[in-house]
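> Just to be clear, the model below is a prediction. Sequence and coordinates:
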Amino acid sequence: MPNPYRQILALPGALAFSAAGFLARFPVSMVGIGIVLMLANLTGSYATAGTVSATFVIAQAVCAPQLARLVDRHGQARVMTPALTVSALGLGGLTVAAVLGAPLWAVYAGAVVSGATLGSIGALVRARWTRAVRTPKDLHRAYSLESALDEATFVLGPVVATTLATSVTPWAGVAVAAVAIAVGGYAFLGQRGTEPPVQAAPATVRTGSVMRSGALAGIVVVFMFVGGIFGATDVAIVAFTAEHGRPGAAGVLLGIFSLGSVIAGLLYGAHTWTGPAWRRFVVGVVALAVGTALFLLVDSLAVMAAVMFVTGFAISPTIINGNSMVQHIVDRHRLTEGLTWLSTGVNVGVSVGSSVAGSLIDADGSGGGFAMVALMGVLAVVAALVVAPVLRRRDHGDPAHLPPH
């Protein structure tokens, strides 16, 4: 059987923009932990480190959809080339301010500027795939590939950031991330031949945010609770491994979680699915919630690794189906904004999940953190079931061919 991913990567320009997009978004997974490691070492305060990292994430979550709207109106390169330049400079300024012991407001300012101008590289890459492929089957494979690559960044990124911060210098992880954002971003945006053309909105289409769509808003809410699962899991696993006297195993367990998702994404994309995407989306959310709820019952590192690996198989298919549903909901000239809102939902959820789980862990150990994970799972399932009827009405199945640009 021919390799389905080799087939789509053989399309004109596909391998080049997908590879550059991977490089451009790889540092995103380094920034959060890089900031924490740097500031915890330089200031001695984990509270400060955590709030600066959260500031970066929140700034990105708030501003990325606005950048995406500009991209849909004016094009990727025109908007994101200056934006990524500012983002890299802002992250570099944050690093310099921290190293020189500048006032904290300067560090926070760097986090705000960098996060606000970073945008969502993953949405830009997926928008290019809609131009590169011609059939929904190939688009499904492309989205599956990109979801697997997203998860790969979360397997490798924190490891690279931690190694740089602990083996080179505390600020090395953040500095390398700043450089990688610029280099990867320029390599991606410089490929103008595969950039989606700007499409004028039809006269009959309302202006304003795509979040006016109840179906899209519902998916974003689901993604927010899914992000809450991820954020609470990150903190709870750190506490869990510390309680078992193996704090260094936290990164390994989280990597195993993401590895299960990488494998699932590749397997999921290689198969041609015939059922409606909305139903697979709801099933994926339920499977993820059930799997993560089992964390509460685990009391050994080996069993936790096994449960996380298996549960990880529910992540990529859920993300893939959510992105696919956006294709059915959002007009093509607003696609980047629609895809970016999903990333925003996840980022908001990660921030809320990690902060609330941290407070619960302080009061009740890792069990409190895993209780937050389970709660986020229940809320994700409830939200998915509530929005399911709306998604069903909007999901008319995939056409034989995608409409031309």
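Perfect, thanks for sending it. Residues are numbered from 1 along each chain as shown.
> residues touching Thr233, list them.
Neighbour list for Thr233: 254, 257, 292, 295, 353, 369, 373 [criterion: C-beta atoms under 8 Å, 6 or more residues apart in numbering]. Quick note: C-beta positions are derived from backbone N, CA and C, even for glycine.
> buried ones in the helix or strand hosting it?
According to DSSP states H and E, Thr233 maps onto helix 214-243. Buried residues in helix 214-243, counted by 16 or more other C-beta atoms under 10 Å: 215-242.
> again with stretch 354-364
Quick answer for stretch 354-364 (16+ other C-beta under 10 Å): 354-358, 360-361.
> same thing with stretch 96-110?
For stretch 96-110, a neighbour-count test (16+ other C-beta under 10 Å) marks 97-98, 104, 106-110 as buried.
> Return the subset of those lying in helices.
Residues of these located in helices (DSSP state H): 97-98, 104, 106-110.
> need the contacts of Thr233 in TSV with pLDDT, can you?
Shown next, in TSV, are the contacts of Thr233 (pLDDT from 0 to 100):
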residue	pLDDT
Leu254	81
Phe257	87
Thr292	92
Phe295	93
Gly353	83
Gly369	88
Val373	93
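> Redo those residues as TSV? Include distance to Val330 and neighbour count.
Compiled in TSV, the contacts of Thr233 are given as follows (distance: C-beta to C-beta, whole Å; neighbours: other C-beta atoms under 10 Å):
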residue	distance to Val330	neighbour count
Leu254	32	22
Phe257	30	27
Thr292	29	28
Phe295	34	25
Gly353	26	28
Gly369	35	29
Val373	30	26
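> Among the residues you listed, which one lies nearest to Ser45?
Gly369 (21.1 Å; C-beta to C-beta).
> in what helix or strand does the closest one lie?
Counting by DSSP H and E, Gly369 is part of helix 366-394.
> Pull the distance from that helix to the chain's centre.
18 Å (C-alpha atoms, centre = their mean, to the nearest Å).
> ditto for stretch 172-183
Mean-position distance between stretch 172-183 and its chain equals 18 Å (C-alpha atoms, centre = their mean).
> Check stretch 156-168 too.
That offset, for stretch 156-168, works out to 20 Å (C-alpha atoms, centre = their mean).
> Distance of Thr43 relative to Ala384?
41 Å (C-beta to C-beta, to the nearest Å).
> neighbour count winner among those two?
Each of Thr43 and Ala384 has its neighbours counted (other C-beta atoms under 10 Å); Ala384 has more, 27 against 16.
> got the contact list for the more buried one?
Ala384 neighbours (C-beta under 8 Å, 6+ apart): 222, 281-282, 285-286.
> Apart from its chain neighbours, what residue comes closest to it?
Computed as C-beta to C-beta, 6 or more residues apart in numbering, the closest residue to Ala384 that is not its neighbour in sequence is Val285, at 4.3 Å.
> Repeat that for Asp364.
Ala371 (7.7 Å).
> To what extent is the one you found buried, counted in neighbours?
Neighbours of Ala371 (other C-beta under 10 Å): 19.
> Surely it and Leu297 touch.
No: Ala371 is beyond contact range of Leu297, at 11.9 Å (criterion: C-beta atoms under 8 Å).
> one step back: isn't the residue nearest to Ala384 right up against Val226?
Yes: using C-beta under 8 Å, Val285 is in contact with Val226, at 7.0 Å.
> Name the residues contacting each of these two.
By C-beta under 8 Å, 6+ apart, Val285 and Val226 have these common neighbours: 318, 380.
> What's the first helix or strand after the helix holding Thr233?
Toward the C-terminus, helix 214-243 is succeeded by helix 249-270 as the next helix or strand (DSSP H and E).
> Please identify the buried residues of that next one?
Under the neighbour-count criterion of 16+ other C-beta under 10 Å, helix 249-270 has 249-251, 253-266, 268-269 buried.
> Taking helix 214-243 as reference, get the angle to that helix.
The directions of helix 249-270 and helix 214-243 differ by 140 degrees, with axes from the mean of the first three to the mean of the last three C-alpha atoms, to 10 degrees as the criterion.
> Quick check: buried residues in the helix or strand that helix 249-270 is followed by?
Using DSSP H and E, the helix or strand that follows helix 249-270 towards the C-terminus is helix 277-293. The neighbour-count check on helix 277-293 (16+ other C-beta under 10 Å) flags 277-278, 280-289, 291-293 as buried.
> Kindly report the same for stretch 314-326.
Neighbour counts over stretch 314-326 (16+ other C-beta under 10 Å) mark 314-326 as buried.
> With respect to Cys63, which of those residues is nearest?
Nearest member of the buried residues of stretch 314-326 to Cys63, counting by C-beta to C-beta, is Val326, at 19.5 Å.
> Right, I'll call it a day here.
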